[in-house]
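Peer 1: sequence plus the predicted model coming up.
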Number of protein chains: 2
Amino acid sequence: MTDIKKDKVDIFAVAKRAKVSISTVSRSFNHPDLVNPATRKKIDTAVRKLGYIRNRAAQTMHGIRSGTIGLVVPTIDHAIFAEVIQAFSDSVDKHGFTILIASHGYNLEKEYAVLRKFLEHRVDGVALIGEDHSEETYDLIERQYIHAISLWNYNEDSRLSCVGSDNKLAGCLAAQHLIDLGHLEIGLVFPPTVDNDRARERRNGAQSVLTKGGARVYPQWDIESTYSIADAKEAALRILKTEHRPSAILCGNDVLAMGVLYAARSCNLNVPEDLSIIGIGDFKGSNEVEPGLTTIRLPAREIGRQAGEYLSRSIIGESVGRRRVSCNIELIVRGTCKPKP
Amino acid sequence: MTDIKKDKVDIFAVAKRAKVSISTVSRSFNHPDLVNPATRKKIDTAVRKLGYIRNRAAQTMHGIRSGTIGLVVPTIDHAIFAEVIQAFSDSVDKHGFTILIASHGYNLEKEYAVLRKFLEHRVDGVALIGEDHSEETYDLIERQYIHAISLWNYNEDSRLSCVGSDNKLAGCLAAQHLIDLGHLEIGLVFPPTVDNDRARERRNGAQSVLTKGGARVYPQWDIESTYSIADAKEAALRILKTEHRPSAILCGNDVLAMGVLYAARSCNLNVPEDLSIIGIGDFKGSNEVEPGLTTIRLPAREIGRQAGEYLSRSIIGESVGRRRVSCNIELIVRGTCKPKP
DNA sequence: CTAATTTATGAAAACATTTGCAATACTATT
DNA sequence: AATAGTATTGCAAATGTTTTCATAAATTAG
């Protein structure tokens, strides 16, 4: 028991046990070709015996990448982002990065705070959702020269690199489909659009097409609902219970559309005979629900994958400069819409 | 332009600008009460002007906590874990921790690899889902003396601290409800149970009650489905299309139950008149779907919250030793089950 | 068999902080 | 005015690694 520091397993402990210097141990990790295979084996056994695990914090101090990417989303809880998070995560994982994740609950000051925390951890890059961020946030990203990307929305003038879809177009397509089917009295169920460019653009797109198409949206048919099936169902019930109800409802996303669909069912309205419903997003289950939900498909997996790929590569140094990637969206016609008789 | 290192903003730069030593700068962050308010103000302005952000990597090297917690889940993509992840995240966030997250896709070797990576990052604690882990994983946790917790399942003999519910009981309750309603011909739709203690226990619980209650589960009614509405719907169609079909179907979780519900609807079967369906979990939307899904409620938010709280506290040092927390479950009777005539 | 290479290793500086200890400056007490 | 005590600050060592440079050993060439 001559050991003083008994159980601290650091690179010194390994070196001692393998009877080499710490330089050699370090080298055998980072440049294995520079060390004698026999020595390498000795080190390897020492590592295994001691259960040594490298300390990335110490590595990070040498300007070596931390191997982490910060991902800030409005919420993890909902179907909306689950898919894109998973795809993004898988994608950066392939390049050896680990994700730091946090949600801000649609509060942009909290988003800024989270970003700062990520920077303290010296993440190699950050990914944000959409383009509505505080000026402070944009400032911080620029001043810190951190690799950053905005997911989910595509905008040709975006301040950051972006990978996403044209949300305005999504709104237009949805509205156009209803117009094409002859609907002129249309209800809207949208999430709050403040600090949420995705929802705002969808809404603007939809509204402009509706107006152009000569449709009427009475104020009492234009309802705001949080991202929750329960809320949306309740909101829809309010629309459906007015004595004069719209012939179709256009929803800001599929979660809301689900709520509307259930609301219709609970009022004994048949979809699509008595009411047409269209969503945006094409989430899991939108295809399976009966009748299948007509919606605008946003390629969440594709967005997550491409964003992860681009960010990883730009951190590793394989690409530079801003890039804007637009992922295609399409109208998916299923069972919830039918022509106005 | 006498500056050599022009734009590196570290603690030296701040010290220089504020005309104090780096010790004082450091102190003004970590022990503000020990530094003169006037000096503190000078430092503060310097920090702001330079846009200095502390380097946690350097701090971590002093045995100071990294401020991160590793969370390993089977998948982020599904409703199953979204709620618990969000609650866990919110809960540890209150104590100043940031989450490193990764998924392993029900592959326990990948789980081990992820855990190692987390340890390289010197996370202050780790949270895993359930109790099925490789021996290597358990070993690593013990040898590294890392704070660890298992979420989701409660087991009085768990190797790790755990916060969760009794999944076997969940299976029992669901089965008992069907038995109580007089159902004796029952179909099962469960996810794969290998390396998944939660599903396995639910299934065992259900099956034991069904057997004891004298119910029959023909092999062709006992179907495996991945965690996907689409898969479950398809699986259920196989059951429902046999000439002799069960009067009730018990599902391993609500996602699967949704699939079964949609399958029934697509066969023009009325639920609950022609078929009773019960799920386990009580996810978002289970209450809103028409008819509302009868299910066993697992308190996901509560589990996430308590787990986060316990793990944070035990890292901070407010509590020690293993702890096992059982979160109550309950039968939620809604519209998808009715007595067998 | 010696000189010139090549291969393998170690010593020490560097990275960005924190902190124990010592030194200084200030305040209150006598 | 001298002393004791306290508040504030700086110096330097420590943290766990990587990497540059130098050196020693082994190999090849002549």
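Peer 2: Alright, I've got the coordinates.

Peer 1: for chain A, give me the ranges with low pLDDT.
Peer 2: The model of chain A has pLDDT under 70 over residues A:1-6.

Peer 1: and the helices in it?
Peer 2: A:11-18, A:22-30, A:37-50, A:56-60, A:79-93, A:108-120, A:135-143, A:167-180, A:197-212, A:229-240, A:254-266, A:300-316 (DSSP state H).

Peer 1: among the ones you listed, which is the most enclosed?
Peer 2: helix A:254-266 (a mean of 26; mean count of other Cβ atoms under 10 Å in any protein chain shown). Every residue, glycine included, has its C-beta placed from N, CA and C.

Peer 1: what's the angle from that helix to helix A:79-93?
Peer 2: Using axes from the mean of the first three to the mean of the last three Cα atoms, to 10 degrees, the inter-axis angle of helix A:254-266 relative to helix A:79-93 is 150 degrees.

Peer 1: by contact count, what packs against helix A:254-266?
Peer 2: Contact here means 3 or more Cβ pairs under 8 Å, 6 or more residues apart in numbering or on different chains; DSSP states H and E; on that basis helix A:254-266 packs against helix A:79-93, strand A:186-190, helix A:229-240, strand A:248-251, strand A:276-281.

Peer 1: off-centre distance for the third one?
Peer 2: Taking the mean C-alpha point of helix A:229-240 and that of its whole chain, the gap between them comes to 26 Å (Cα atoms, centre = their mean, to the nearest Å).

Peer 1: got it, and the fourth one?
Peer 2: Here strand A:248-251 shows a centroid-to-chain-centroid distance of 24 Å under the convention Cα atoms, centre = their mean.

Peer 1: what does the longest one give?
Peer 2: Relative to its chain's centre, helix A:79-93 lies at 7 Å (Cα atoms, centre = their mean).

Peer 1: give me the domain ranges for chain A.
Peer 2: A:11-54, A:68-165+A:300-327, A:167-298 (automatic domain parsing).

Peer 1: just to revisit the earlier point, now the helices and strands packed on helix A:254-266 in TSV, with distance to A:Val126?
Peer 2: Shown next, in TSV, are the helices and strands packed on helix A:254-266 (distance: least, Cβ to Cβ, whole Å):
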stretch	distance to A:Val126
helix A:79-93	12
strand A:186-190	28
helix A:229-240	30
strand A:248-251	31
strand A:276-281	24
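
Peer 1: nearest to A:Tyr310, out of these?
Peer 2: A:Tyr310 sits nearest to helix A:79-93 of all these, at 9.2 Å, using Cβ to Cβ.

Peer 1: anything in that closest one near chain B?
Peer 2: Yes: for helix A:79-93, a contact with chain B is found by Cβ under 8 Å from any Cβ of the partner chain, at A:79, A:82-83, A:85-86, A:89-90, A:93.

Peer 1: tell me which other helices or strands that helix touches.
Peer 2: strand A:68-73, strand A:98-103, strand A:147-153, helix A:254-266, helix A:300-316, helix B:79-93, strand B:98-103.

Peer 1: just the angle between the first one and helix A:135-143, please?
Peer 2: Comparing the axes of strand A:68-73 and helix A:135-143 via the same axes, to 10 degrees yields an angle of 160 degrees.

Peer 1: mind listing what's buried along strand A:68-73?
Peer 2: Using 16 or more other Cβ atoms under 10 Å in any protein chain shown as the test for burial, strand A:68-73 gives A:68-73.

Peer 1: now, among those, which is nearest to DNA strand D?
Peer 2: DNA strand D has its nearest neighbour among the buried residues of strand A:68-73 in A:Thr68, at 16.0 Å by Cβ to the nearest atom of the strand.
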